[in-house]
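Peer 1: fold the following for me, if possible:
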Amino acid sequence: MSIPTGIIEKIESEISSIPEVRKEELKSLAGIINESVKTMGKAQVNFVCTHNSRRSQLAQIMFWLALNHYNVSNISSWSSGTEATAFNYRMVKALQEFGMNILKLDEGDNPKFHIRTGNANENTLLTFSKVIDDVFNPASDFIAVMVCDHADQNCPFVPGAWKRFSLPYLDPKAFDDSPEESKAYSEKVFEIGREMFYLVQQLS
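Peer 2: Numbers count the residues shown, from 1 in each chain. Okay, the predicted model is just below:
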């Protein structure tokens, strides 16, 4: 499976619906990323939430997708949590329905996944739930983007982070096991998707 061109076009067409206040926040984050590339030759963006199961995973994947789509180099996408759990199966399903090619590599409590868009020349993304200082993640000079209020409030200092930025999203977990579950997760994919595409558009 590969992501249909129309899906990417839909995300790009929805960028105009991002509130201006949010666009200014995203521009500020883009400025930090650009500064990292200018001063260090690269930017390592680590999206952080409490459990590294939904929002941070989604932000990492959509930022990675946008970087690939716009052929941006020297910027990498990561995710982590203040504790490790698992990449939630509901978010995995929502991303598969979006068009992502997701391969589950093992059956443990915290399985690893390979993410692809289906493009022949594209790198795969390996993802699983992990804490901020996991050896898999960059240990220093990264930009910590806090995508949930809980992690933002309870992790005011991120060891190793070059910069810390707050960009919270509401948790689709509130709709788990309800009739609105599938719709809520799909909407979150497009919400974070259009904001990550807008963010990458602001990178120089």
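Peer 1: please name every helix or strand in contact with the helix or strand of the chain with the lowest mean pLDDT.
Peer 2: The helix or strand of the chain with the poorest confidence is helix 149-154; it has a mean of 79 (mean pLDDT, DSSP states H and E). Judged by 3 or more C-beta pairs under 8 Å, 6 or more residues apart in numbering; DSSP states H and E, helix 149-154 is in contact with strand 43-49. From N, CA and C alone the C-beta is placed, and that goes for glycine too.
Peer 1: the strand it packs on - what's its average pLDDT?
Peer 2: Taken as a whole, strand 43-49 has a mean pLDDT of 98.
Peer 1: the next helix or strand along the chain from that strand: how far from the chain's middle?
Peer 2: On the C-terminal side of strand 43-49, the closest following helix or strand by DSSP states H and E is helix 55-69. On the basis of C-alpha atoms, centre = their mean, to the nearest Å, helix 55-69 sits 4 Å off its chain's mean C-alpha point.
Peer 1: angle of helix 55-69 against strand 43-49?
Peer 2: 150 degrees (axes from the mean of the first three to the mean of the last three C-alpha atoms, to 10 degrees).
Peer 1: buried stuff in helix 55-69?
Peer 2: If you call a residue buried by 16 or more other C-beta atoms under 10 Å, then helix 55-69 has these buried ones: 55-69.
Peer 1: closest to Ile143 among the residues you listed?
Peer 2: Nearest to Ile143 among these: Phe63, at 11.0 Å, using C-beta to C-beta.
Peer 1: quick one: low-confidence ranges for this protein?
Peer 2: 1-2, 4, 118-122 (pLDDT under 70).
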